[in-house]
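S.K.: the sequence isn't on hand, but the structure is:
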């Protein structure tokens, strides 16, 4: 068995690793659009086969994920058009846009959650408690530290997240604060 690689940024990933990491999310995305498990699996397999054959080079992870989601979406649209479903093209496009937005939100939260897990332990707990709705005072009591310590830890965590995500992280965290 020969190794096939996908280049994302300056890193070369084994195709099998990419397939294992992203097949499930693409399958879920296709299922939301098509409402059909078998056809969704076929479409996602086609997307990965196309990726395998094309051997594209991606400048970063965001462009790679955009390629995957857009490819899956486009294959779903083609499938729906070929089957001549009772939906107009406008309805199909509207449904797909809603589904795409939902999946992109989920992906953003997944990345945020991953970044939070990489924070230093106390900063991570402060952010997690804040996301659970605990006040600064309640967090201080739970961690057995002063209110000022919680404020400092929260500030440092925000700086780390801001450095990772830019200002977009505030939008992601806004439902929790």
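M.R.: Everything's here; your move. The shown structure was predicted, so the numbers you read here are calculated from the model rather than taken from an experiment. Residues are numbered from 1 along each chain as shown.

S.K.: against which helices or strands is the helix or strand hosting residue 70 packed?
M.R.: Secondary-structure assignment from DSSP states H and E places residue 70 in helix 61-82. Helix 61-82 is packed against strand 5-8, helix 15-34, helix 37-54, helix 89-117, with contacts defined by 3 or more C-beta pairs under 8 Å, 6 or more residues apart in numbering; DSSP states H and E. Bear in mind the C-beta positions are built from the backbone N, C-alpha and C, glycine included.

S.K.: weakest of those in terms of mean pLDDT?
M.R.: If you rank the helices and strands packed on helix 61-82 by mean pLDDT, helix 89-117 sits at the bottom with a mean of 67.

S.K.: next SSE after that one?
M.R.: helix 121-131.

S.K.: just give the nearest non-adjacent residue to residue 46, would you?
M.R.: Computed as C-beta to C-beta, 6 or more residues apart in numbering, the closest residue to residue 46 that is not its neighbour in sequence is residue 75, at 5.9 Å.

S.K.: how many residues are close by that neighbour?
M.R.: Counted with other C-beta atoms under 10 Å, the neighbours of residue 75 add up to 23.

S.K.: same question, residue 115
M.R.: Neighbourhood size, residue 115 [other C-beta under 10 Å]: 19.

S.K.: quick one on the thing from earlier: pipe the helices and strands packed on helix 61-82 into CSV and attach distance to residue 66 per row.
M.R.: Rendered in CSV, the data for these read as follows (distance: least, C-beta to C-beta, whole Å):
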stretch, distance to residue 66
strand 5-8, 12
helix 15-34, 12
helix 37-54, 13
helix 89-117, 9
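
S.K.: chain neighbours aside, what residue packs nearest to the residue lying farthest from the centre of the chain?
M.R.: Farthest-out residue of the chain from its mean C-alpha position, per C-alpha atoms, centre = their mean: residue 146, at 35.1 Å. Excluding its sequence neighbours, the residue lying closest to residue 146 (C-beta to C-beta, 6+ apart) is residue 140, at 6.1 Å.

S.K.: list phi and psi for residue 145.
M.R.: Here is the backbone geometry of residue 145 (degrees, to the nearest 10): phi -130, psi 170.

S.K.: list the contacts for it?
M.R.: The contact partners of residue 145, taken as C-beta atoms under 8 Å, 6 or more residues apart in numbering, are 122, 153.

S.K.: tell me the confidence at it?
M.R.: 94.

S.K.: any idea how far it lies from residue 125?
M.R.: 10 Å (C-beta to C-beta, to the nearest Å).

S.K.: now residue 78
M.R.: On the measure of C-beta to C-beta, residue 78 and residue 125 end up 47 Å apart.
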